[in-house]
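Build me a model:
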Amino acid sequence: MEAKLAQSLQFSTWIDSEKMVWKPSRPLQFSPRSRERMKLQILTYCHLHKPVTSKVSCSYRNFPGSVLQSGSFPACFDEAMVLKNKSEDIEPYLDGRCIYLVGMMGSGKTTVGRILSDILSYSFFDSDTLIEQAVGATSVAEIFKLHGESFFRDNETDVLRKLSLMQRLVVSTGGGAVIRPINWKYMQKGISVWLDVPLEALARRIAAVGTESRPLLQHQESGDAYAKAFTRLSTLWEERSEAYANASARVSLENIAAKLGYIDVCNLTPTVIAIEALEQIESFLKK
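Sure, this is the predicted structure:
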């Protein structure tokens, strides 16, 4: 079904049809081995972390779907099961609509997007990867170097237009996808979620892995990697912050960390962020 749809939209040059097989909408099943591994992870996690609230049980049955929203989210809990329960709560309200993740570079859109697609039985796409495939380039940095940013943005808009014609997708967008109003027209056919990460955390992440794949950060200023990344990210933030606020839902890592009693947002797991994303999507859909 998806392969035919992709061909009709002329997606064949940049979508792998083997990855476009619809997953049936059914409750997530865990094998005995997976359940045992999950129990071990939970026990290890509970041993290493003190709970935020005293004398709490680690059983997922004691936690409603809105644990993050309530602010009573203990450190000792079954993340996978909470995520599963929340996905089942939200599925009837989604009605197959696509989810578009927006946010600054390095905010974790791809990692969180894959978690959401798996738990919702959606397909996952990274818009930057689709653009690379469409253009025949190896990286976004190569496209910027050979063709310029305007060329990249035109292809980005075309990719989002095509994706907006489909259903049951989680899409990780590029950091600058929000700057064109036409892109919002396409994303508003689904639900957009802004992953709001403090600039300090973003700068630390990017400084650790380098800027080779991030053309907008490749400048020759002197100074340490963190300082250069933070300065450039601050400029991009000033240009884009109002656009990010157009998203249907906002996931603030600072807010999540405060609820869990963490000082550093980098201590948050991608699964916890995904749970909060589902919480915020549910709140938006129930308005």
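
where's the residue nearest to I263 when sequence neighbours are not counted relative to I90, distance?
Closest residue to I263 in three dimensions, ignoring its sequence neighbours and counting by C-beta to C-beta, 6 or more residues apart in numbering: A257, at 7.2 Å. Every C-beta, even on glycine, is put in place using the N, C-alpha and C of the backbone. To I90, A257 is 23 Å away according to C-beta to C-beta, to the nearest Å.

Tell me the predicted confidence for the residue nearest to I263.
What the model reports as pLDDT for A257 is 96.

got it, and A225?
In the prediction, the pLDDT value recorded for A225 is 77.

was I right about it contacting R205?
No - in this structure A225 lies outside contact range of R205 using C-beta atoms under 8 Å: 11.1 Å.

can you list residues touching both of the two?
Taking C-beta atoms under 8 Å, 6 or more residues apart in numbering as the criterion, A225 and R205 do not both touch any residue.

can you pull out the strands in the stretch 101-250 of the chain?
Applying DSSP state E, counting those that start in this stretch to the stretch 101-250 of the chain gives strands spanning 123-126, 169-172, 191-196, 249-252.

For the second one, the averaged confidence score.
Going back to what we said before, that points to strand 169-172. The average of the pLDDT scores along strand 169-172 is 98.

ok, now the longest one?
Per-residue pLDDT values over strand 191-196 give a mean of 98.

Can you tell me which of the strands of the stretch 101-250 of the chain is most buried?
Most buried of the strands of the stretch 101-250 of the chain, by mean neighbour count (mean count of other C-beta atoms under 10 Å): strand 169-172, with a mean of 26.

what stretches of this protein score poorly on pLDDT?
Judged against pLDDT under 70, the low-scoring parts of the chain cover residues 1-77, 209-223.

surely V171 meets C98?
Yes - the pair V171 / C98 is scored as a contact, 6.3 Å apart, by C-beta under 8 Å.

Check which helix or strand the residue nearest to I263 maps to.
Using DSSP states H and E, A257 falls within helix 253-260.

List the buried residues for that helix?
By neighbour count, and taking 16 or more other C-beta atoms under 10 Å as the criterion, the buried residues in helix 253-260 are 253, 256-257, 259-260.

do stretch 119-133 as well
When neighbours are counted by 16+ other C-beta under 10 Å, the buried residues of stretch 119-133 are found to be 119-128, 130-132.

What is the nearest of those to V178?
Closest approach to V178 among those (C-beta to C-beta): S127, at 11.8 Å.

which residues sit in contact with the closest one?
Contacts for S127 (C-beta under 8 Å, 6+ apart) come out as 156, 159-160, 163, 171-174, 177.

Would you reformat those residues as a markdown table and include distance to T110?
Conversion of the contacts of S127 to a markdown table gives the following (distance: C-beta to C-beta, whole Å):
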| residue | distance to T110 |
| --- | --- |
| E156 | 15 |
| V159 | 15 |
| L160 | 16 |
| L163 | 15 |
| V171 | 10 |
| S172 | 5 |
| T173 | 10 |
| G174 | 11 |
| A177 | 13 |
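
Quick one: buried ones out of the residues you listed?
Burial by neighbour count, 16+ other C-beta under 10 Å: within the contacts of S127 this picks out 156, 159-160, 163, 171-174, 177.

Which of those fall within helices?
Applying DSSP state H to those, the entries found in helices are 156, 159-160, 163.

hmm, back to that, joint contacts of V171 and C98?
Going by C-beta under 8 Å, 6+ apart, residues that sit against V171 and also against C98 are 163, 190.

ok so, going back, wait, which of the contacts of S127 is closest to L195?
The closest of those to L195 turns out to be S172 (C-beta to C-beta; 9.6 Å).
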